[in-house]
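**Q** sequence plus predicted model, see below.
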Amino acid sequence: MPNLLAMSFEGALAPSFDLRCLHPGRRPPDGWGIGYYPAGEPAAAVLKEPSPPVGSIRSELVRAWEHLASSLFVVHVRSATWGPPTDANTQPFARAHGRRDWLFAHSGTLRQRPVLPSEALFQPVGSTDTEAILCELLGRVAGLGLGSLGELDPEELVRWMAELNALGSLTSVLADGRDLAVYADRDPAGPGLWALEVRPPHPPLRLEDADLAVDLASRGARARQGVVVASEPMVTSLPDPPAWRRVPPGHLLLVRHGAVRAVVSPPGTAPAARAGFTPRPVTGRPPRAEPQRLRIAHRTVYRYARPVERSTHLFRLTPVHDRLQTVLQCEVEVSVPGRVHDYEDVFGNRVRRLSVETPFTEMVIEARSLVEALDTDPLASRPFRARTTIPLVWMPWHRQVLQPFLLPPELAETELEELSDYAMSFADRNDFDVLETLLDINATLHREYRYVPGATTLFTTPFDFFAQRRGVCQDFTNLLVCLARLLGVPARYVCGYLHTGAGAEGQAQADASHAWAQVYLPEVGWRGFDPTNGVLTQTGHVRVSTGRSAGDATPTSGTIYVGGGGETLEAVVSVERVG
């Protein structure tokens with residue numbers, strides 16, 4: 001049985017805890033406790049019971065109580081080594097500091113307790129080594145003037161843990177309501193610590209062994225990304241379960257909102273090789289790119305089972321011409337004659353309208369362009385004099401102009417609530433810095449969602465993609481646009497081309513064109529985020545059209561008034577570097 005269990009998820013869950021060790025015929029432990037953070041608040045609640053009887057009422061409460069909901073849990077089952085089995089000696093322990101409650105639990109035992117001076121800011125109430133460790137750690141945090149785990153240098157924390165580890169075994173977890181620090185004892189033969197990374201989509205998740213069962217979906221919660229750590233691996237209900245990985249001795253894991261943020265090595269050793277863990281990618285300024293000229297050929301062929309006698313078509317095939325992108329040449333040819341009218345739509349796109357009254361069964365549209373891409377450093381104009389934080393504040397007239405790009409798609413309220421919680425987990429994880437939040441979303445969608453052509457349709461919603469985690473560039477873009485708007489950041493859909501030749505290996509795009517998002521950053525302007533490839537757009541992306549959604553920016557569309565029948569579409573794009 002794991003006497004230590006901690007869980008961090010990207011959103012709140014209301015699991016059921018079945019303490020099988022208290023079932024009839026079993027020998028009860030010396031105590032148990034569950035700490036959590038209700039409603040995502042920094043205040044912790046701790047349910048504990050020393051010397052529990054078989055079938056205790058409190059154990060029935062944590063199995064059936066639906067209000068036991070949080071994104072972060074710390075669970076401990078005690079075998080007493082320091083002090084009698086009392087409330088004062090039952091883990092996890094909680095202390096308030098920095099306007100938040102800190103939880104601490106410990107597997108193992110020290111040979112001697114840390115010696116705390118009488119004037120120490122934090123003093124233990126009971127007689128355990130574990131509570132003394134928590135008081136020692138919080139005293140050091142307070143001595144540095146810090147108020148949260150996120151402010152503490154992980155290298156400093158692992159040094160502190162190594163010092164305390166010299167006093168005895170120290171496998172332990174420390175939480176402050178947002179972050180979870182996990183430390184594995186330095187002795188390979190000592191109390192181990194195992195971690196399980198869970199990523200959606202997955203069926204209802206249940207963890208169990210002979211003494212404890214945790215049902216994470218008993219309240220009907222959706223699948224969430226999370227990290228579970230335990231002093232012993234547990235059996236999972238997943239049909240193809242991920243592997244439990246042992247945290248290397250003396251190493252520290254930092255987890256926030258269900259994602260490993262860092263793997264830290266013991267002092268004086270080489271940097272951690274991550275030990276199979278996948279820390280959330282570090283986001284930051286992309287390297288400067290060189291300007292380049294790109295030659296684009298876009299050929300689309302429509303074929304119909306019966307002649308089309310009358311129809312109207314719209315083509316958005318002329319690349320954008322502005323200070324970041326120069327159109328040196330552009331030609332659009334259509335095999336079917338008709339009345340042509342060129343104009344600029346409300347989004348600034350160059351549109352060609354073609355009205356056809358001559359019957360045809362095949363239409364070939366060919367667009368050939370030569371573009372000089374100049375967006376070498378997309379964040380060069382970012383003002384660094386102050387952080388820009390969520391929520392963004394707009395002047396009333398700014399909000400009026402940006403309103404079409406602030407409204408999320410029309411989805412069921414429950415689906416928008418789920419997506420809003422998902423978006424807010426990114427904001428909270430990045431201290432509400434707008435750029436860091438957007439970079440995190442962009443990198444996470446690329447890493448945790450699969451690019452699978454044919455997995456979705458034009459009618460797939462952002463929530464559908466969020467739930468199934470596979471799709472094409474349109475789906476990646478729709479979800480990023482939706483999440484940004486739910487955070488109050490203006491976002492729009494972009495259709496264009498992506499250079500995937502030499503120097504651009506591994507990039508994904510649609511067969512005919514590529515899609516990405518642009519977000520409007522205060523005092524910076526519209527900047528491109530390509531979640532399909534996890535990059536900011538630079539000189540490998542060519543913008544053609546923008547809009548509120550894919551429908552506003554689609555390269556070709558039309559209405560058939562008479563004839564047509566069955567339709568087939570063939571589209572081929574080539575993007576080549578010139579010079």
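**A** Arrived safely, thanks for sending. Numbering: from 1, shown residues only.

**Q** just the element for residue 481, please.
**A** Assigned by DSSP states H and E, residue 481 belongs to helix 473-486.

**Q** contact partners for residue 202?
**A** Going by C-beta atoms under 8 Å, 6 or more residues apart in numbering, residue 202 touches 223, 238. For every residue, glycine as well, the C-beta is placed using N, CA and C.

**Q** still on that earlier bit, right, and the helix or strand after the helix holding residue 481?
**A** Using DSSP H and E, the helix or strand that follows helix 473-486 towards the C-terminus is strand 491-498.

**Q** would you give the sheet partners of that next one, along with the direction of each?
**A** Each strand pairing with strand 491-498, determined using DSSP bridges, is listed with its direction: strand 514-521 (antiparallel), strand 541-547 (antiparallel).

**Q** and the angle from the longest one to helix 473-486?
**A** Between the direction of strand 514-521 and that of helix 473-486, the angle (axes from the mean of the first three to the mean of the last three C-alpha atoms, to 10 degrees) works out to 10 degrees.

**Q** so which residue is dead centre in the protein?
**A** For the chain, the residue lying nearest the average C-alpha position, counting by C-alpha atoms, centre = their mean, turns out to be residue 444 (4.8 Å).

**Q** can you report phi and psi for it?
**A** When quoted as degrees, to the nearest 10, the phi and psi of residue 444 stand at phi -70, psi -40.

**Q** wait, isn't it in contact with residue 426?
**A** Yes. Contact between residue 444 and residue 426 holds when scored by C-beta atoms under 8 Å: they sit 7.3 Å apart.

**Q** how are the helices of the stretch 351-500 of the chain distributed by residue range?
**A** If DSSP state H, counting those that start in this stretch is used as the criterion, the helices of the stretch 351-500 of the chain fall at 396-402, 413-429, 434-448, 462-468, 473-486.

**Q** turn the ones you listed into JSON lines, including mean pLDDT.
**A** What follows is the helices of the stretch 351-500 of the chain, written out as JSON lines (pLDDT from 0 to 100):
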{"stretch": "helix 396-402", "mean pLDDT": "92"}
{"stretch": "helix 413-429", "mean pLDDT": "91"}
{"stretch": "helix 434-448", "mean pLDDT": "92"}
{"stretch": "helix 462-468", "mean pLDDT": "94"}
{"stretch": "helix 473-486", "mean pLDDT": "97"}
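
**Q** shaky segments in this protein?
**A** Under the criterion of pLDDT under 70, the regions of the chain flagged as low confidence span 1-2, 219-222, 270-276, 278-285, 381-387, 501-512.

**Q** against residue 560, how distant is the residue lying farthest from the centre of it?
**A** Seen from the C-alpha centroid of the chain, the residue lying at the greatest distance (C-alpha atoms, centre = their mean) is residue 358, 51.8 Å away. Computed with C-beta to C-beta, to the nearest Å, the distance linking residue 358 and residue 560 is 13 Å.

**Q** so how far is residue 136 from the closest residue to residue 468 other than its chain neighbours?
**A** Ranked by C-beta to C-beta, 6 or more residues apart in numbering and with sequence neighbours excluded, the top spatial neighbour of residue 468 is residue 201, at 5.8 Å. As for residue 201, its distance to residue 136 is 42 Å (criterion: C-beta to C-beta).

**Q** so between those two, which is more surrounded?
**A** Regarding residue 201 and residue 136, a neighbour count based on other C-beta atoms under 10 Å identifies residue 136 as having more, with 20 against 11.

**Q** residue 462: neighbour count?
**A** The tally of other residues near residue 462 (other C-beta under 10 Å) stands at 24.

**Q** these two touch, right, it and residue 479?
**A** Yes. With contact defined as C-beta under 8 Å, residue 462 and residue 479 form a contacting pair (4.5 Å).

**Q** now the closest residue to residue 29 other than its chain neighbours: which helix or strand?
**A** By the measure of C-beta to C-beta, 6+ apart, the closest residue to residue 29 outside its immediate chain neighbours is residue 77, 5.0 Å from it. The secondary structure element spanning residue 77 is strand 70-78 (assigned by DSSP H and E).
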